[in-house]
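Enquirer: sequence and predicted structure are below.
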Amino acid sequence: KQEVTQIPAALSVPEGENLVLNCSFTDSAIYNLQWFRQDPGKGLTSLLLIQSSQREQTSGRLNASLDKSSGRSTLYIAASQPGDSATYLCAVSTTSGTYKYIFGTGTRLKVLA
Amino acid sequence: DTEVTQTPKHLVMGMTNKKSLKCEQHMGHRAMYWYKQKAKKPPELMFVYSYEKLSINESVPSRFSPECPNSSLLNLHLHALQPEDSALYLCASSQVYLEQANNEQFFGPGTRLTVL
């Protein structure tokens, strides 16, 4: 059974810092991995999608990497801003059994001005 | 247009009420999803529709009844809910739903449901 874990659960950093969020999954047989952000009480905003054949994806200040063999993905945020404060979720689509997204536990990020 | 819309934004209902949640997308996506999210927890899949047909029901109680009238619309009919069903209900869509596909999911803003 696929399990997805995100460390740390919460993170507080001063504005301008570069930071790394981690996502670990137990079953390396995945189709893709998607990173989302969620503001309190709101829906999920897609940040980056990494297909199983890819190693990384970049969008603006965000860079996501994928290492399937070790069951890890990282989301790198450069020059963090207070507007980046949100919960960040990773989700993997499993190839075992039913094709669906399994979400991680999330990292709550607070960027201090 | 990468928008998924959901109505209503908030819903308060009693345990004997019947209500419906609505989700709409105009991206031409043929897969639509309902998720349930409790406070401080990740979303959990409830239903998947592919080409307007129900593909997955994650053992959801029958008091939740999904419906996909056409490729752009997804409804969730609610009846005789329990207080523990209070949660944020999220709708999502993706281009297609195929086991070999790599599809990005787009989420709506959610409906905050409170069952009294």
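Expert: Noted; the coordinates are in hand.
Enquirer: list the contacts for the closest residue to chain B within chain A?
Expert: Nearest to chain B in chain A, going by Cβ to the nearest Cβ, is residue A:103, at a distance of 3.5 Å. Backbone N, C-alpha and C define where each C-beta goes, glycine included. Residues in contact with residue A:103 (Cβ atoms under 8 Å, 6 or more residues apart in numbering or on different chains) are A:4, A:89, A:90, A:91, B:42, B:43, B:44.
Enquirer: in the sheet, who's paired with it?
Expert: Counting by DSSP bridges, residue A:103 is bridged to residue A:91.
Enquirer: do you know the pLDDT at the residue nearest to residue A:95 when sequence neighbours are not counted?
Expert: Once flanking residues are discounted, residue A:95 sits nearest to residue A:29: 4.5 Å by Cβ to Cβ, 6 or more residues apart in numbering or on different chains. Predicted confidence (pLDDT) for residue A:29: 87.
Enquirer: likewise residue B:25?
Expert: Reported pLDDT for residue B:25: 97.
Enquirer: now swap in residue B:31 and tell me
Expert: 93.
Enquirer: and what of the one 10 residues further on?
Expert: We note a pLDDT of 93 for residue B:41 in this prediction.
Enquirer: how about residue A:23, phi and psi?
Expert: Dihedral pair for residue A:23: phi -140, psi 130, per degrees, to the nearest 10.
Enquirer: what does residue A:82 give?
Expert: Taking degrees, to the nearest 10 as the convention, residue A:82 sits at phi -50, psi -30.
Enquirer: same question, residue A:98
Expert: phi -70, psi 130.
Enquirer: for it, list the residues it contacts.
Expert: Taking Cβ under 8 Å, 6+ apart as the test, what residue A:98 contacts is residue B:56.
Enquirer: select from the contacts of residue A:103 the one having the most neighbours.
Expert: The most crowded member of the contacts of residue A:103, judged by other Cβ atoms under 10 Å in any protein chain shown, is residue A:90 (31 neighbours).
Enquirer: strands along chain B, start to end?
Expert: B:4-7, B:10-13, B:18-25, B:31-37, B:44-50, B:53-57, B:64-70, B:73-79, B:87-94, B:106-107, B:111-115 (DSSP state E).
Enquirer: which among these is found nearest to chain A?
Expert: That would be strand B:106-107 among the strands of chain B, by Cβ to the nearest Cβ, at 4.0 Å.
Enquirer: give me the contacts around that closest one.
Expert: The contact list for strand B:106-107 (Cβ under 8 Å, 6+ apart) reads A:36, A:43-46, B:2-4, B:25, B:27, B:29, B:35, B:90-94.
Enquirer: now do 6 Å
Expert: With contacts defined as Cβ atoms under 6 Å, 6 or more residues apart in numbering or on different chains, strand B:106-107 is touched by A:43, A:44, B:2, B:4, B:90, B:92, B:93.
Enquirer: same list (those) but as CSV, adding distance to residue A:54, neighbour count and pLDDT.
Expert: Listed next are the contacts of strand B:106-107 as CSV, based on distance: Cβ to Cβ, whole Å; neighbours: other Cβ atoms under 10 Å in any protein chain shown; pLDDT from 0 to 100:
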residue, distance to residue A:54, neighbour count, pLDDT
A:43, 25, 22, 92
A:44, 21, 27, 95
B:2, 21, 11, 67
B:4, 25, 25, 96
B:90, 26, 26, 97
B:92, 22, 26, 96
B:93, 22, 29, 94
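Enquirer: same question for stretch A:96-113: list its buried residues.
Expert: Applying a neighbour-count criterion of 16 or more other Cβ atoms under 10 Å in any protein chain shown, one finds A:99, A:100, A:101, A:102, A:103, A:104, A:105, A:106, A:107, A:108, A:109, A:111 buried in stretch A:96-113.
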